[in-house]
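[1] Build me a model:
(one chain, ligands or ions: 2)
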Amino acid sequence: MKGRILIDRELCKGCKYCVLACVRGVIAIDSEFNSSGYFPAKEAAVEKCNGCALCAQMCPELAIMVRKEEDAAKISSAA
Ligand code: SF4
Ligand code: SF4
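    Ligands and ions are numbered 1, 2, ... in the order given. Next up is the predicted model:
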């Protein structure tokens, strides 16, 4: 299974919980801060994401959305 994450860099407070949660090393911390002055998380190795959603579950700011490839296939077949 593959997945894709979307991080809202403006919601992010740079706590790194998602970085620690992702054993696949998909997420890193950006070197540019957001409008609130935090260094936000960013997608660093998107090809390694398996869609497990652990990162999103750990995020206290609800800044991460996860889409699984299976879901994307269902959506396109229903259309
Ligand atoms: S969904 Fe899983 S594999 Fe993908 S970035 Fe989040 S923790 Fe890592
Ligand atoms: S867990 Fe959420 S708030 Fe914390 S660094 Fe990751 S995306 Fe940002």
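[2] which residues in the chain form strands?
    Under the criterion DSSP state E, strands of the chain are mapped to 3-7, 27-29, 41-43, 64-68.
[3] was I right about Ala28 contacting Pro40?
    No: taking CB atoms under 8 Å as the definition, Ala28 is not a contact partner of Pro40, at 10.3 Å. C-beta: built from backbone N, CA, C; applies to glycine.
[4] Between those two, which is the more surrounded one?
    Legend: neighbour count by other CB atoms under 10 Å for Ala28 and Pro40, higher for Pro40 (21 against 15).
[5] so what's the backbone phi/psi at the more buried one?
    phi -80, psi 160 (degrees, to the nearest 10).
[6] quick one: contacts for it?
    Contact analysis of Pro40 by CB atoms under 8 Å, 6 or more residues apart in numbering lists 7, 9-10, 12-14, 29-30, 33-34, 63.
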